[in-house]
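**Q** Okay, sequence plus prediction incoming.
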Amino acid sequence: MAFVVLLDVSPHARASAPAGAPTTTAAVEQAEAVLVEHYARLVRIAYLVLPPALGRHRRVLAAHSLVQRSLWRRTDGRGPGRARQRPHGGGAVYAHLLGRVLRGALAAGRHPGRPGWRGGLRWAPLLPQVWGLRLFPHCGGADELALDRQLSALSAPARAAFVLRGLERLTDGEVRRALVDAGADDADSALAEADGVRSPGAGDAAVLLDAAEFDPCSLRVRPPDLLRRRMRFKATLAAIAAALVCGTLFVLPGDGRGPHGAVAPGHAGSPVAAAALDPARLSRVAPVAWRSSTRTDFTVWPARGSLTGDPALLRRALSVWAGPESGVRVSATPGTPSGPPIGAPQLLFAGRVDRARVVVFHDGLRIVRYAEPSDGTARGAALDLARVDGADAASSGALVVGRGRGGVRYLTAPWVGRLSTRDLADPSGAPRPLRRDAQGVTDPVPSDGATGGCDSWAALELAYEGGARRLVADLGELVPARLTWGPPSAPVDVPDGAARAAWARTACLLPAVRSHGVRTVNSWAYARQALPEGDGSAAWLCTRADTWRGSGSQVLAQVQLPSSGGPAAASGVVAARAEDSPACGPRVPQVLAGVLWRSRAGRWYVLAAGTRQFASLSTTGGAVGSARGRLLAVPAKAGAQAELSGRLPDGSPVAALR
């Protein structure tokens with residue numbers, strides 16, 4: 001038997017601020033927004049710096065606690081230090097939060113008798129707290145294990161120095177200042193000690209810090225010592241039963257009731273949680289707030305729809321979110337927490353869409369869509385959740401509010417001007433204007449590609465104020481995926497001409513990345529190859545789908561052969577596919593793939609192409625050959641199984657994408 005008593009690892013977990021904490025509402029809200037946006041990064045840093053002797057379970061909980069408490073914990077007179085624009089964004093507020101997290105993590109590794117000791121982790125914080133289970137990050141490979149052993153041998157300041165270099169990309173001078181501000185005794189010694197970390201593999205050791213091995217937000221669950229817990233459970237069973245009976249008697253007359261009078265799970269007896277079920281406490285943004293806001297994302301969407309003033313509907317939606325009944329269909333994109341709201345969320349929409357009543361919320365981390373039949377009952381309702389943390393103007397232009405046989409209806413952002421649809425399969429086709437009502441809800445957009453057909457694929461084109469045009473496609477989730485084109489270092493919105501022609505032959509591959517929580521899909525042509533025997537030329541493309549959660553990316557390498565016309569012939573051929581790979585991305589732009597191809601004369605060849613980084617290619621096994629440069633064509637036999645590899649100019653070997 002396993003049970004969880006309290007588990008709260010959400011970035012919104014808060015407590016009453018003690019004396020000395022910031023009291024300015026605007027400052028606290030700004031700090032909270034920055035913490036939510038960079039929560040996973042801060043927790044990863046805390047996890048890496050905390051003492052390995054704690055064990056992985058306690059390090060996970062301690063890392064979440066340090067980051068959550070950084071929002072309000074008492075300061076010690078040290079300021080945020082000198083802010084520097086990180087590659088991932090942030091500023092002075094982020095630097096201040098990072099400094100607090102570092103101070104707490106370094107303090108946990110000091111001896112109680114030394115100056116600066118704050119109690120470390122001798123007493124566990126109130127939240128997060130887990131009983132009956134043990135939480136561990138996912139296991140990595142041999143390189144991650146070797147790096148973890150090296151980091152375990154370092155002192156806490158040295159681990160902090162290595163992490164700040166690798167994850168935050170800070171210079172040695174900036175690392176030294178950050179360590180001094182965090183209370184490290186000897187920053188220079190920490191930097192020298194961090195220099196001793198060696199890369200376990202061929203790449204940079206700092207790159208491994210982004211691996212799942214060091215991600216305390218993506219966890220595995222295992223039981224503890226079951227025999228010992230069973231003995232303790234028998235001794236405390238009577239006390240727990242009595243407490244449950246007394247608690248039920250206290251909460252029955254109060255608030256926190258579900259749609260049919262049942263108390264929503266996790267909300268009984270908690271005033272803060274019960275307030276999340278009160279429609280009067282919903283956050284509503286003014287219609288023109290986005291014009292003067294420094295942020296352009298879902299947080300400045302106004303509340304729209306004809307039913308925003310219906311408290312009964314809003315209360316049902318909040319209650320179902322807090323505790324779905326057995327008849328409610330619940331879905332969530334990968335990596336999206338499906339738990340109840342932590343506090344009062346923001347209302348984005350409440351209105352009628354086709355034959356349903358729809359309510360859309362935003363809680364800073366997720367978009368939540370509640371839909372019920374038009375008769376106004378929660379029976380047969382649906383609840384959909386999707387992560388949207390870190391959204392910007394480009395990725396918050398539209399949301400799916402309705403999906404039916406007629407197509408998909410979108411709710412568009414207030415800064416979106418003209419709307420139109422484009423057929424991805426028809427690159428020369430003109431955009432077709434799309435109508436939307438006064439509340440921002442569009443007419444149905446066909447979703448032919450969702451069924452796997454390739455005759456057409458309707459994408460939504462959004463014209464932003466200022467002239468920018470962005471193309472998004474429905475991949476079966478609440479937030480449509482943004483489509484881009486170009487090298488990973490500088491992708492752009494899909495232009496006209498060759499980019500649309502290439503996307504026309506790529507659209508049929510989009511079903512391969514459906515329902516993965518995809519945020520953007522970028523495609524680019526990394527090579528063009530003249531085919532043997534004068535059979536024309538082929539284009540090699542890499543298509544990368546990145547997710548909202550950061551991990552779980554999908555990479556497809558395809559070859560587009562000369563086409564004689566027709567939708568089937570126009571589709572690209574998938575040469576290789578990888579999941580959760582950095583290939584074809586800004587960190588690792590190189591990609592290598594190959595296919596077995598038959599010429600018009602009936603002879604077989606192994607074709608391969610790599611990006612510009614490759615100096616030579618070779619193949620072994622069923623087809624043996626090599627070539628200088630990044631293109632290869634080797635005669636082969638039908639059904640040949642060949643092993644493809646390449647080398648960079650410095651001689652480093654790189655395997656083909658798989």
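**A** Ah, there it is.
**Q** Can you get me a residue count around residue 524?
**A** Neighbour count for residue 524, taken as other CB atoms under 10 Å: 22. (Glycine included, C-beta is placed from N, CA and C.)
**Q** show me the contacts for it.
**A** Applying CB atoms under 8 Å, 6 or more residues apart in numbering to residue 524 gives the contacts 485-488, 491, 541-542.
**Q** what's the spacing between it and residue 482?
**A** Relative to residue 482, residue 524 is positioned 15 Å away (CB to CB, to the nearest Å).
**Q** residues of stretch 414-432 that come out buried?
**A** 414-416, 419, 421-425, 427, 431 (16 or more other CB atoms under 10 Å).
**Q** From those residues, which land in helices?
**A** Here DSSP state H is the test, and the buried residues of stretch 414-432 give no hits in helices at all.
**Q** so which of these would you say is closest to residue 171?
**A** Nearest to residue 171 out of those is residue 415 (CB to CB; 37.1 Å).
**Q** so how far is stretch 541-558 from its chain's centroid?
**A** Put simply, stretch 541-558 sits 12 Å off its chain's centre (CA atoms, centre = their mean, to the nearest Å).
**Q** CA-only coordinates of that stretch in CSV, if you can.
**A** Taking Å, rounded to 0.1, in the frame of the first residue of the first chain, the C-alpha atoms of stretch 541-558 are listed here in CSV:
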residue,chain,number,x,y,z
LEU,A,541,15.4,18.5,-44.8
CYS,A,542,15.4,18.3,-41.1
THR,A,543,12.1,18.9,-39.2
ARG,A,544,12.2,19.5,-35.5
ALA,A,545,9.2,19.7,-33.2
ASP,A,546,10.0,21.3,-29.8
THR,A,547,7.6,20.9,-26.8
TRP,A,548,6.4,23.3,-24.1
ARG,A,549,8.1,21.2,-21.4
GLY,A,550,11.5,21.3,-23.1
SER,A,551,12.1,17.6,-23.3
GLY,A,552,10.4,15.0,-25.6
SER,A,553,11.4,16.8,-28.9
GLN,A,554,10.8,15.0,-32.1
VAL,A,555,13.3,15.1,-35.0
LEU,A,556,12.6,13.9,-38.5
ALA,A,557,15.2,13.8,-41.3
GLN,A,558,13.5,13.6,-44.7
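**Q** so residue 357 is in which element?
**A** Following DSSP states H and E, one finds residue 357 within strand 356-362.
**Q** Outside of that strand itself, list whatever touches it.
**A** 282, 298-299, 301, 305, 307, 313-314, 317-318, 321, 341, 345-352, 367-374, 376, 388, 399, 401-402, 411.
**Q** can you list the domain ranges for the chain.
**A** When the chain is parsed with automatic domain parsing, its domains come out as 25-222, 228-253, 271-387, 400-589, 590-658.
**Q** start to end distance for stretch 392-405?
**A** The straight-line separation of the ends of stretch 392-405 (CA to CA, to the nearest Å) is 31 Å.
**Q** Report the buried residues of that stretch.
**A** Buried residues in stretch 392-405, counted by 16+ other CB under 10 Å: 393-403.
**Q** Stretch 646-658 too?
**A** Along stretch 646-658, these residues count as buried under the neighbour rule (16+ other CB under 10 Å): 646-647, 654, 656-657.
**Q** from those, which two are the most distant?
**A** The distance between the two most remote of the buried residues of stretch 646-658 (CB to CB) is 15.5 Å, for 647 and 657.
**Q** Could you report the distance from the closest residue to residue 138 other than its chain neighbours to residue 637?
**A** Of all residues not flanking residue 138 in the chain, residue 212 sits nearest, at 4.2 Å (CB to CB, 6 or more residues apart in numbering). Distance, residue 212 to residue 637, using CB to CB: 40 Å.
**Q** These two: which has the busier surroundings?
**A** residue 212 (18 against 10).
**Q** Could you pull up the residues touching that one?
**A** Contacts of residue 212 (CB under 8 Å, 6+ apart): 137-138, 140, 218, 551, 580.
**Q** okay, those residues in TSV with distance to residue 469 and secondary structure next?
**A** Shown next, in TSV, are those (distance: CB to CB, whole Å; DSSP: H, G, I helix; E, B strand; the rest coil):
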residue	distance to residue 469	secondary structure
137	41	strand
138	39	coil
140	41	coil
218	35	coil
551	30	coil
580	31	coil
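**Q** from these, which two are the most distant?
**A** Farthest-apart pair in the contacts of residue 212 is 137 and 580; separation 14.3 Å (CB to CB).
**Q** Settle it for me: which of the two has more neighbours?
**A** Between residue 137 and residue 580, counted using other CB under 10 Å, the more crowded position is residue 137 (21 against 13).
**Q** any idea of the mean pLDDT in stretch 362-378?
**A** Stretch 362-378 comes out with an average pLDDT of 87.
**Q** ugh, typo on my part, it should be stretch 422-442
**A** The pLDDT scores in stretch 422-442 average 92.
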